[in-house]
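Asker: based on what follows, work out the 3D shape:
(one chain, ligands or ions: 1)
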Amino acid sequence: MLTPLRKIAVQCVATKNFNGIHGRRWLSSAQDAFERAQADLKKLPEEPDNEIKLRIYALFKQATSGDVTGSRPGMMDFVGRAKFDAWSQLKGTAQDDAKKKYAELVTSLRGVAAEQQTSSGASVLGLDPVSGLDLSIEDKIFKITLNRPSKFNALTLEMYKGLTDALNAASKDKSTTVTVITGTGKYYCSGNDLSNFAALATAGKEEIRKTAEMAGTVMQAYVQAYIDHEKPLVSLINGPAVGISVTVLPLFDLVLASDAATFHTPFAALGQSPEACSSYTFPHLMGQLNAAEILLVGKKITAEEAQRRGLVNQVFPDTEFAASASKIVSAFSKLPPQSAKICKKLLRDPHRQKLTEINAIETETIKERWQSSECHAAIAAFMSRSKK
Ligand code: COA
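Answerer: Numbers count the residues shown, from 1 in each chain. You can find the predicted model right below:
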């Protein structure tokens, strides 16, 4: 920091020469901001990622030493070379400009940190609130929580749209490195909210067609958001999962489950058909017979069985699930974000077009199913079932 005497000296010199006033005040404030930013940097709740650290380093060197000097470190000195290159990119930048930019960068990092500490509810990243969904940013994690426990987190059309928007926003968000989906209460998710289609049993043909078209468009966009998600996507399965919450699992990068979870897709019984690209991903993942047993026969499987069939990475005792999963996700979120994204892209790219095509085919099929009498009868039976 400037001592009070030096500050006064700077101001005194400045006021003697009218033409120099603004320039000198600016110079002294650039230095002040630079020094304040160095102190603020130490108070960030979390270390910035490597890319940002390099920018900070380069601006600091440019601000304090001017243009880069010396020769470029050799290929084996990765760190030294990256630092040298980052500094070289600022060649010609005035030292006071570098100080200003350094201060601006640290201020923006502090802004992100403050937002992360206070963000909760649905106004995260400017997204509209949606009943049944909680969005939050926790450190480097964008978390989507299905929060409709009274209906076992069944997905309404609004929730599908909200999830699609949240996934797309999280994919592009620069402050987070992984996206997590989990559920509140006893269930992870009971799948499609069957009351979305309750009216179909009694509606006229044209109304049924329009509803099926609209729901198909919503579901196709929802699945596409998984196919195109650019960051590591994690599912934390806290309890039973039904329908689309099961079929979408192969589009995640990490699936952790409580041993209280079960996995069930009663499509045939409901007069419906597989979605979320499961007609393609399930046979690849577990073989034709195992896939048919789940998607066609509708066998409900345990978390351990789901792990054996490649739907789940790891299963934890229910009492330890939250703590163990949180530790793993936290470590995952600290991986270098750029290389995580690149790795994900390499894994996804060979299948992206195929998945997109399958999504379109499955959507056309399910739209037809939603208009069938088999489906209407099954949904009517669920809606009018007697409860014990
Ligand atoms: N859509 C709409 N509501 C659902 C739902 C769904 N998919 N799954 C559960 N619910 C609701 C129930 O209607 C009930 O609400 P209510 O108390 O207001 O009537 C509440 O969630 C609890 O469900 P309930 O059936 O009473 O509990 P259960 O323990 O007896 O059975 C399930 C739980 C999940 C097995 C049963 O609700 C069910 O089969 N749901 C349908 C699952 C499904 O087929 N999903 C779609 C696949 S395409």
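
Asker: tell me the confidence at the residue in the stretch 1-150 of the chain that the ligand sits nearest to?
Answerer: Residue of the stretch 1-150 of the chain nearest the ligand, by CB to the nearest ligand atom: residue 150 (6.4 Å). For the C-beta atoms, the positions are set from N, CA and C on the backbone; glycine is no exception. On the pLDDT scale, residue 150 is placed at 95.

Asker: give me phi/psi at it?
Answerer: phi -70, psi -20 (degrees, to the nearest 10).

Asker: the ligand contacts on the stretch 201-350 of the chain?
Answerer: By CB under 6 Å from any ligand atom, the residues of the stretch 201-350 of the chain that approach the ligand are 242, 243, 266, 270, 272.

Asker: distance-wise, check the residue nearest to the last one when sequence neighbours are not counted relative to residue 200.
Answerer: The shortest distance from residue 272 to any non-neighbouring residue, by CB to CB, 6 or more residues apart in numbering, is to residue 369 (5.0 Å). Using CB to CB, to the nearest Å, one gets 11 Å for the distance from residue 369 to residue 200.

Asker: returning to what we had before: of the residues of the stretch 201-350 of the chain next to the ligand, closest to the ligand?
Answerer: Nearest to the ligand among these, with distances taken as CB to the nearest ligand atom, is residue 243, at 2.9 Å.

Asker: and that closest one, what is it in contact with?
Answerer: 189, 190, 191, 192, 264, 265, 266, 267 (CB atoms under 8 Å, 6 or more residues apart in numbering).

Asker: what is the burial count for the residue nearest to residue 286 when sequence neighbours are not counted?
Answerer: The shortest distance from residue 286 to any non-neighbouring residue, by CB to CB, 6+ apart, is to residue 309 (4.1 Å). Neighbours of residue 309 under the rule other CB atoms under 10 Å: 18.

Asker: can you pull the contacts of residue 309?
Answerer: When contacts are counted by CB under 8 Å, 6+ apart, residue 309 touches 285, 286, 290, 294, 301.

Asker: against residue 309, how distant is the first one?
Answerer: Counting by CB to CB, the separation of residue 285 from residue 309 is 7 Å.

Asker: which residues are common contacts for residue 369 and residue 200?
Answerer: residue 375.

Asker: in the stretch 1-150 of the chain, which spans are strands?
Answerer: 133-138, 141-146 (DSSP state E, counting those that start in this stretch).

Asker: quick one: name whatever helix or strand follows the last one.
Answerer: Moving toward the C-terminus from strand 141-146, the first helix or strand encountered (DSSP states H and E) is helix 157-172.

Asker: show me the contact partners of that following helix.
Answerer: With CB under 8 Å, 6+ apart as the test, helix 157-172 has contacts from 122, 125-128, 130-133, 135, 142, 144, 146, 148, 155, 176, 179, 181, 193, 196, 214-215, 218-219, 221-222, 225-226, 228-231.

Asker: in its sheet, what does the helix or strand hosting residue 179 sit against?
Answerer: Assigned by DSSP H and E, residue 179 belongs to strand 178-183. Here strand 178-183 is paired, per DSSP bridges, with strand 141-146 (parallel), strand 233-237 (parallel).

Asker: and those strands as JSON lines, adding mean neighbour count?
Answerer: What follows is those, written out as JSON lines (neighbours: other CB atoms under 10 Å):
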{"stretch": "strand 141-146", "mean neighbour count": "22"}
{"stretch": "strand 233-237", "mean neighbour count": "25"}
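
Asker: need those strands in JSON lines (columns: mean pLDDT).
Answerer: What follows is the strands paired with strand 178-183, written out as JSON lines (pLDDT from 0 to 100):
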{"stretch": "strand 141-146", "mean pLDDT": "97"}
{"stretch": "strand 233-237", "mean pLDDT": "98"}
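
Asker: for the contacts of residue 309, which one is nearest residue 340?
Answerer: Among the contacts of residue 309, residue 285 lies closest to residue 340 (CB to CB), at 21.9 Å.

Asker: buried residues in the helix or strand the closest one falls within, which are they?
Answerer: Here residue 285, judged by DSSP H and E, is contained in helix 278-286. Neighbour counts over helix 278-286 (16 or more other CB atoms under 10 Å) mark 278, 279, 280, 281, 282, 286 as buried.

Asker: where's it relative to the chain centroid, distance-wise?
Answerer: Mean-position distance between helix 278-286 and its chain equals 24 Å (CA atoms, centre = their mean, to the nearest Å).

Asker: tell me which other helices or strands that helix touches.
Answerer: Judged by 3 or more CB pairs under 8 Å, 6 or more residues apart in numbering; DSSP states H and E, helix 278-286 is in contact with helix 244-247, helix 288-295, helix 337-370.

Asker: hey, which of those is tucked in deepest?
Answerer: Mean neighbour count (mean count of other CB atoms under 10 Å) peaks for helix 244-247 among the helices and strands packed on helix 278-286, with a mean of 26.

Asker: which strands or helices does that one pack on?
Answerer: helix 278-286.

Asker: sorry, back to before: which ones among the contacts of residue 243 map onto helices?
Answerer: Using DSSP state H, the subset of the contacts of residue 243 located in helices is empty.
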